[in-house]
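Enquirer: One predicted model, sequence on top.
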Amino acid sequence: MRPNMVRIGALEYSVVNESDEANYGNTDIGHLRISVDPKLPEIRQRETLLHEVLHAVTDRYLADDVDERVVRQLSAGLIDWMVANPDAVRWVMGG
Ligand SMILES: [Zn+2]
């Protein structure tokens, strides 16, 4: 089940359903709100949440803006690795 919130350091982002023809999802840094299109196939929703989390993480921890293309490539690479290697992901998570 998709989470209703994610923590990025001290910040708590709400995760909401929102359909948008132009985007799979969105991150509102100011209002701490991540939206994901619930009409997407589940794997695309999962990748979109990871993508939006990367936007939130890079905003909080990196000094410079990160290009959308880089976030897209990282989220695709990470979700591919995570889906293909669930045991390794569990190990990385410490459990
Ligand atoms: Zn993006």
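Expert: Cool, got the structure.

Enquirer: Residue 45 - nearest residue in space that isn't next to it in sequence?
Expert: For residue 45, ignoring the flanking residues on the chain, the nearest one in space by Cβ to Cβ, 6 or more residues apart in numbering is residue 36 at 5.3 Å. C-beta coordinates here come from the backbone N, C-alpha and C atoms, glycine included.

Enquirer: Please disregard the earlier target; I meant residue 56.
Expert: Using Cβ to Cβ, 6+ apart and skipping the chain neighbours, the partner closest in space to residue 56 is residue 8 (4.6 Å).

Enquirer: now swap in residue 19 and tell me
Expert: Setting aside the residues directly before and after it, residue 19 is nearest to residue 37 in space (Cβ to Cβ, 6+ apart), at 5.0 Å.

Enquirer: For burial, what's the neighbour tally of residue 5?
Expert: As a burial measure, residue 5 scores 12 neighbours (other Cβ atoms under 10 Å).
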